[in-house]
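S.K.: Provide a 3D model corresponding to the input given below.
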Amino acid sequence: MITSRLVVASCGFALCATGFAVAGNPPSLLTPTSYAMANGDGQAAGGTFNYWDDTYNGAGNRNADRSPLSGGLGQLTDGVVGGNAWNANLGNGPAQEWVGWVNFNPTITFTFAQPAQFSVVGVFANNSRFGGVSVFESYTASFSNDGVNFSNPLTRTVSALESADTTARSFGLVTGGITAQYVRFEFVRADAWTFISEMTFEGVIPAPSSAALLALAGVVCGRRRR
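M.R.: Numbering: from 1, shown residues only. I've put the predicted structure just below:
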């Protein structure tokens, strides 16, 4: 039995080595306030185990296949990733580090407390090629400032060479400094099951503009004169 756990490094596991910076500042790992998606599938859908988002703390039934989840965080942002064997027990039970969907292309939307300039996004996926589990064919990330209208779509396609590597790992996408408060991921599956363990974001929080600082100063001064 495997007892060790793989924990995400402080710099994230997307594309730290690139040194890609936004607005002249080094990117850091950004934490969303929530994400929304359809819960994973499980034994009712033919799975050996239930591949649900067991730690999700928002609205929705985290113990039901495809239940709409919203307003919370869970396994996709807990900093713990699964191993190469998706059914391994890393201390919490078999396959507990994975959220999985069968014959389904999940859409996952992340919300941040304020707009950020994103440099890299990463999706840690399983590609064991065992039991119908393979890395997705591609995912498209799009961005929004109101949570309704999304634009600037960028697609990360998994190459044949990457697909031949059966290790579990992050598939990163350089976003080039797009500013947004919401990021939506739309996946296209490659096999029956898609297993995701973690999703990461690197970038910076833009400094307030001069106009914004002047406006804030005016508000403060106005309050003091009262």
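
S.K.: contacting residues for the spatially most central residue of the chain?
M.R.: Taking C-alpha atoms, centre = their mean, the centroid of the chain lies closest to Met199, which sits 2.6 Å from it. By C-beta atoms under 8 Å, 6 or more residues apart in numbering, the contact list for Met199 reads 35, 76-77, 108, 110, 121-124, 185. For glycine as for every other residue, the C-beta is placed from the backbone atoms N, C-alpha and C.

S.K.: If we use 7 Å, what do you get?
M.R.: 76-77, 122-123 (C-beta atoms under 7 Å, 6 or more residues apart in numbering).

S.K.: now, among the residues you listed, which is nearest to Asn92?
M.R.: Leu76 (15.2 Å; C-beta to C-beta).

S.K.: which residue sits closest to that closest one, ignoring its sequence neighbours?
M.R.: Leaving aside its chain neighbours, Leu76 sits nearest to Met199 (5.0 Å; criterion: C-beta to C-beta, 6 or more residues apart in numbering).

S.K.: and the gap between Glu97 and Ala59?
M.R.: 23 Å (C-beta to C-beta, to the nearest Å).

S.K.: cool, and Asn103?
M.R.: Taking C-beta to C-beta, one finds Asn103 at 25 Å from Ala59.

S.K.: ok, now Val183?
M.R.: Taken as C-beta to C-beta, the span from Val183 to Ala59 is 20 Å.

S.K.: Kindly report the same for Pro106.
M.R.: From Pro106 to Ala59 the distance is 17 Å (C-beta to C-beta).

S.K.: neighbour count winner among these two?
M.R.: Pro106 (21 against 14; other C-beta atoms under 10 Å).

S.K.: show me what contacts the more buried one?
M.R.: 37-38, 187, 194.

S.K.: got those residues as a markdown table, with pLDDT and secondary structure columns?
M.R.: As requested, the contacts of Pro106 are exported to a markdown table (pLDDT from 0 to 100; DSSP: H, G, I helix; E, B strand; the rest coil):
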| residue | pLDDT | secondary structure |
| --- | --- | --- |
| Met37 | 99 | strand |
| Ala38 | 99 | strand |
| Phe187 | 99 | strand |
| Thr194 | 98 | strand |
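
S.K.: Sounds good, over and out.
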